[in-house]
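>>> sequence first, predicted coordinates after that:
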Amino acid sequence: MVDELYPVISSLVRVCYPWTEKGEGRPPKVTPAKAAFLIVIKERGKETTYRDLASSAYMERLGISEVHYTTIHKAIKRLPPSFVEAVMRSFGERVSKDGMDCVFDATGVRIRKYEIVIHAGEERRERQGVKLNAAWDADEKVFHASEVLKGKAREYPGAEEMFKRINTSIENVFADTGYAGRGFIQTVADSGAMPVVKPQSNATPKAKGSPAWRKLVKEYQELGYEDWRDETGYGERFPNEGQFGSLVSRFSKEANVRSTHMAKRVVTARLAFHNFFQWLVKR
């Protein structure tokens, strides 16, 4: 497994920003690129711990020697999630073809933190979680963009920015009502892709600066849901809902972390490993 995963190191070096240190002092033993690699490796196995990483053959491959496992944890904690997302996207781009159909969707991931809630007049401990928003290739099943947020909110205001981070050209974008916003619809249309997004039941075709939104809502209302679904191919979205199920079966529906801060890095690392595995299968 070490030799098979080794190509990810060179990819990380290319996509991660080089380490720069302002002022005096030695650079860290675990640089951002190496930390990104190690968090991806950690998430490949459900029982992999930081202690396991510190004593593994990966450390020698990375040129890291005599480092305590807490040093690895701190390096990962400082790591910007964008580093790991860049790795994920790098492998996704190796698998996907231009003109792909892209699905936007979200799922919840529980973390090891609880809060007290009142239910039927009684106090209960409820496990907290994070929300994973992701965009992936409907055919090749690789992720191209993601964001992990605190809480359980259905609507996601960052879809436009996430869409702009996708480098592979897109033909159709499939998404449910959680992504039905004028700004997102217009951004997709301006890119040359077709926004196949189900509008809310009470949506009006008022453009408000988004002609693509007016067109989408009018077509939906004129055709009705079933005819619109069949004509636009929106039904293709439903088989792709199993994409998150594949993550749960490979990893878990829970993340072994206690904060949203670390969950952002761990969950994104899972997507990176998933893409890497798909690349191994496809190459």
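Done, it's in. Because the structure is predicted, anything quoted here is derived from the model rather than measured. Residues are numbered from 1 along each chain as shown.
>>> use CA for all of it now, contacts and neighbours both
Will do.
>>> where along this structure do the strands fall?
For the chain, the strands defined by DSSP state E occupy 100-119, 122-137, 143-150, 170-175, 194-197, 254-255.
>>> any weak-confidence spans in the stretch 1-150 of the chain?
Across the stretch 1-150 of the chain, the ranges flagged by pLDDT under 70 are 1-27, 45-46.
>>> hmm, back to that, any chance of the strands of the chain in CSV, plus mean neighbour count and distance to Thr48?
Formatted as CSV, the strands of the chain follow (neighbours: other C-alpha atoms under 10 Å; distance: least, C-alpha to C-alpha, whole Å):
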stretch, mean neighbour count, distance to Thr48
strand 100-119, 18, 17
strand 122-137, 18, 21
strand 143-150, 24, 22
strand 170-175, 22, 34
strand 194-197, 24, 39
strand 254-255, 18, 12
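>>> and of those, who's closest to Gly183?
Proximity to Gly183 (C-alpha to C-alpha) singles out strand 194-197 among the strands of the chain, at 11.4 Å.
>>> quick one: mean pLDDT for the closest one?
Mean pLDDT, strand 194-197: 96.
>>> contact partners for Val257?
111-113, 263 (C-alpha atoms under 8 Å, 6 or more residues apart in numbering).
>>> out of those residues, which comes closest to Arg283?
Ala263 (30.1 Å).
>>> give me the neighbour count for the closest one.
28 (other C-alpha atoms under 10 Å).
>>> can you check Leu79 too?
Leu79 has 20 neighbours, counted by other C-alpha under 10 Å.
>>> what count of nearby residues applies to the closest residue to it other than its chain neighbours?
The spatial neighbour of Leu79 that comes closest, neighbours along the chain excluded (C-alpha to C-alpha, 6 or more residues apart in numbering), is Pro32 at 6.0 Å. For Pro32, the count of nearby residues is 23 (other C-alpha under 10 Å).
>>> now Pro80
Neighbours of Pro80 (other C-alpha under 10 Å): 15.
>>> follow-up on the earlier one: and the residue nearest to Leu79, how close does it get to Lys74?
Distance, Pro32 to Lys74, using C-alpha to C-alpha, to the nearest Å: 11 Å.
>>> distance to Lys218 added to the strands of the chain, as JSON lines?
Below are these laid out as JSON lines (distance: least, C-alpha to C-alpha, whole Å):
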{"stretch": "strand 100-119", "distance to Lys218": "22"}
{"stretch": "strand 122-137", "distance to Lys218": "26"}
{"stretch": "strand 143-150", "distance to Lys218": "29"}
{"stretch": "strand 170-175", "distance to Lys218": "17"}
{"stretch": "strand 194-197", "distance to Lys218": "13"}
{"stretch": "strand 254-255", "distance to Lys218": "41"}
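>>> nearest to Arg78, out of those strands?
Nearest of these to Arg78, taken as C-alpha to C-alpha: strand 143-150 at 16.1 Å.
>>> Provide the strand pairings for the closest one, with the direction of each partner.
strand 122-137 (antiparallel) (DSSP bridges).
>>> centroid-wise, who is the farthest residue in the protein?
Gly121 (37.4 Å; C-alpha atoms, centre = their mean).
>>> can you pull the phi/psi pair for that one?
Gly121 adopts backbone torsions of phi 80, psi 0, taken as degrees, to the nearest 10.
>>> how is this structure carved up into domains?
Per the record, the chain has its domains at 2-86+265-282, 98-244, by automatic domain parsing.
>>> before we move on, back to that, which of the strands of the chain sits closest to Arg182?
Closest to Arg182 of the strands of the chain is strand 194-197 (C-alpha to C-alpha; 10.7 Å).
>>> which residue, neighbours along the chain excluded, lies closest to Ser146?
Using C-alpha to C-alpha, 6+ apart, the closest residue to Ser146 is Ala134 (4.2 Å).
>>> so how far is Ala255 from the one you found?
As for Ala134, its distance to Ala255 is 17 Å (criterion: C-alpha to C-alpha).
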